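Chemist: Dropping a prediction and its sequence here:
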Amino acid sequence: MSVAPLAVEVICVFCLAAYLLHKYGNIRRQHVLVTLASLVAWYFSMIIIFILPLDVSTTFYKICLGSIQPPVTPAAILSPPTNATPHANQSYTDAPSSVNATVNDDQSLVRRGALFDTPTCQVPWSYVQEHVLPNMWHVVYWTSQILTWLILPFMQSYATSGDFTIQGKIKTALIENAIYYGSYLLIFGALLIYVAARPDLQIDGPRLKMIGITASNTWGLFLLVLLLGYGLVEVPRKCWTSSNREQLLAYTRFQVAKLSTDKSDAEESLEDVLEEVSKASEAIRYNHPHRKYMDTVLRKVPEDMQARLNRGMDDYEDYPDGHSASIPSEKDLVALHRKTIRAVTSQHRTQIQWDILMERAFGLEDIGESEKCADRRFRSTFPQHYTGILKHICTPTVEWYWKCLVRPWVLKVLTVILAVFSFVVIWSEVTFFNKKPVLSLFAIFINVAAKNYDYFYIELASCLTITYLCVCVYFTVFRIRIFNYYYIAPYHQTDSNSLLFSGILLCRLTPPLCLNFLGMIHLDKHVTGNEDQEIETAYTSIMGHMDVISFLSDGFYIYYPILVIVVALGTFFSVGNRCLGLLGFQQFIGDDDMTSDLIEEGKEMIKREKRKRQRVEDGEARRKSWRDRYGTTKDRASSLQNRDASDSDSGRGSMKSGALYGKESSLLHRIASQLAKYSRVKDKDDSAQVELLKDSEPLDYDDSLAENEEFDRAKYTRSQAGRSSRQTTGSRWTGGRGYGSQAPPKGLFDDV
């Protein structure tokens, strides 16, 4: 008997949860409580997925022991003899039996034990003492339930609240979650009334706990079947679409066109909110009591946009008459704070989704261009720079073979595997309640493995099945439009609200999903109706049974999962998309004119974005080349001064050194003036010019400097001398359009 496999799995699951949270979340910027709550929610949900297979294998071992030696006492110990240590290849024939059976249950255990042919039972390699798993399930289940129903929803509303005090945030969070908690209390109250109306049942502590668990599982199962039916079809279809480059590129262009509307709306909403924030900041000066609230609102504005806001810190005069009427109240600032948080979050979400779609579109277009290359070397428009060992592995040739040749076939094979898996899940969902004969394919496969004592296969098959069910469910959650407010983006781009939302769904949907899986493999007798089975998993003993509410245990939990086939068929034939398309919603339908127009529109948007990014990269490359060749102006002047000083100390001609230094200094001054002329204007007087040009694409004036590396210094000196002579004689400036005695225009729009 060893706890090493369990300990290793617990540690590995924790590392996996921490890695995913680090990859998707921003630990440095988000609050420590958000990080801790999300980590616990993700970790405990994953524990159920990876530890439940160990519970399944242990349960089959208990069933084997009960079939060989039926119990003779009401209670006995399940563990092997104390004078021996079990190993993976060791078996026991004289092990005592289970606690759950009595002398009257001998025949039922033997009937269940007919699954095993041999008179010995091999101990699972992951077997632990019988009290370990129940204690773990107690902690994991109730902690996850408290998180999903109380703590995480409250933290969500608290984080997005616009109040400036703790009491105000708590009050707002409770009000916002009243409807959310009301849905759960409504189900709980209806079940409580049903139990109270039955004269044969008495309400006590265990029954109240069972009613609470039933209400939570009913809510989760109702949503689970709808999400699962959609995901079982869309996950294989998504994999097949990814294997076809042209189809995936068309779908990506369609998504770009749709997202551009949301992105424009989000940016316009943010502009409107920033305008309101600027007016409020201008109205509330530095010495106003509400200024601290205004500073809190300003801190929510992105750093690159804070320079455009008037902070109202440069006013040292008294307020004019009637000015107090225009000052926002604290209630107005609370509403403005909330609007700012939502606008910034929406703009950040659409920008991240836009960047992800653009990277995918650029990659697909690069694959199409590289497929035409005869040298079989992958050419990327924006190459990714690998470091370390990946630099030697991910060469252009290897990348070409993987992206252009191997990857499409791998995805097609994976699509076939996932399609078969989805068919097995749907078949088992609609037949798991039939016990004679056993029609559930999962139950058949697991029983064959248990008969051969292949506990590793049982655990592997159970883990893969539960993981696939979770992937289908959570893929649907972040795919459908109603949840478009939340998103999961890598590279630390997921906001705190989306992390908390994902933790809520993980904790809420995983327990009913695992109960549904136990029903498919016939390890929950109250779901399958198998009264011959007396030994169940430790997870089922903690979750309990729904016998208190008969119409749920005998009807809803058995027949409602059959609806998964209806949802799957509707998804396969795109019934929902076609109905939404008829109602005017933009949906990706191949033979639709609106879809074709959006694909062409997305194609043009991708071209513009690519040209924009290429210009930015070319400008950065030219500036880097200029710095590498000539250095900065400060470094150049310093080197000239040092050279002049060394020439003076060595006693060489000072006249020659001074002349050379003067010419070089003139050159440096001209370069500095050119760079300053075309750099971003920071002065307040030029704000109008910057405002006119802020939406236009930046222009590069470095070409003239880079091309004229060697110019005629004598000509430059003569022009300088002529200009100085005209200034001293007071003559008219004859360049341009004739400004008389006025100075020539310095900016682009000074002559307008």
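Modeler: Structure received. In this text the structure is predicted, and so the values were computed from the model without any measurement.
Chemist: The residue most central in space within the chain: what secondary structure?
Modeler: When the chain is reduced to its mean C-alpha position, the nearest residue by C-alpha atoms, centre = their mean turns out to be Ile488, at 1.2 Å. In three-state terms, and counting by DSSP: H, G, I helix; E, B strand; the rest coil, Ile488 is coil.
Chemist: after the longest helix anywhere in the chain comes which helix or strand?
Modeler: Ordering each helix of the chain by length in residues (DSSP state H) puts helix 330-370 first. Per DSSP states H and E, helix 330-370 leads on to helix 390-393 as the next helix or strand towards the C-terminus.
Chemist: ok, and what's touching that following helix?
Modeler: Tyr386 (C-beta atoms under 8 Å, 6 or more residues apart in numbering). C-betas here are computed from N, CA, C, even on glycine.
Chemist: Now do it: distance to the chain's middle.
Modeler: The chain centre lies 28 Å from the centre of helix 390-393; the measure is C-alpha atoms, centre = their mean, to the nearest Å.
Chemist: And for stretch 290-297?
Modeler: Distance of stretch 290-297 from its chain centroid, counting by C-alpha atoms, centre = their mean, is 31 Å.
Chemist: Name the residues that touch it?
Modeler: Residues contacting stretch 290-297 (C-beta under 8 Å, 6+ apart): 164, 277, 280-281, 284-285, 288, 312, 327-330, 333, 336-337, 340.
Chemist: which of the residues you listed sit farthest apart?
Modeler: Arg285 and Thr340 (19.7 Å; C-beta to C-beta).
Chemist: now the longest helix of the chain: mean pLDDT?
Modeler: Here helix 330-370 scores 91 as its mean pLDDT.
Chemist: Tell me which other helices or strands it touches.
Modeler: helix 152-160, helix 245-283, helix 291-299, helix 593-630 (3 or more C-beta pairs under 8 Å, 6 or more residues apart in numbering; DSSP states H and E).
Chemist: can you give me the angle the first one makes with helix 330-370?
Modeler: Translated: helix 152-160. 100 degrees (axes from the mean of the first three to the mean of the last three C-alpha atoms, to 10 degrees).
Chemist: same question, the longest one
Modeler: Put simply, helix 245-283 runs at 150 degrees to helix 330-370, going by the same axes, to 10 degrees.
Chemist: Low-confidence bits of the stretch 201-350 of the chain, can you list those?
Modeler: Within the stretch 201-350 of the chain, the segments meeting pLDDT under 70 span 201, 310-325.
Chemist: again, only using 50
Modeler: 315-316 (pLDDT under 50).
Chemist: and if you look at the stretch 551-700 of the chain?
Modeler: 651-661, 677-700.
Chemist: Nearest to Arg613 among the contacts of stretch 290-297?
Modeler: Among the contacts of stretch 290-297, and counting by C-beta to C-beta, the member closest to Arg613 is Thr340, at 29.2 Å.
Chemist: Distance check, the nearest residue to that closest one once chain neighbours are set aside against Val277.
Modeler: Sequence neighbours aside, Lys300 is the residue nearest to Thr340 in space, at 4.9 Å (criterion: C-beta to C-beta, 6 or more residues apart in numbering). Here the criterion is C-beta to C-beta, to the nearest Å. By it, Lys300 lies 9 Å from Val277.
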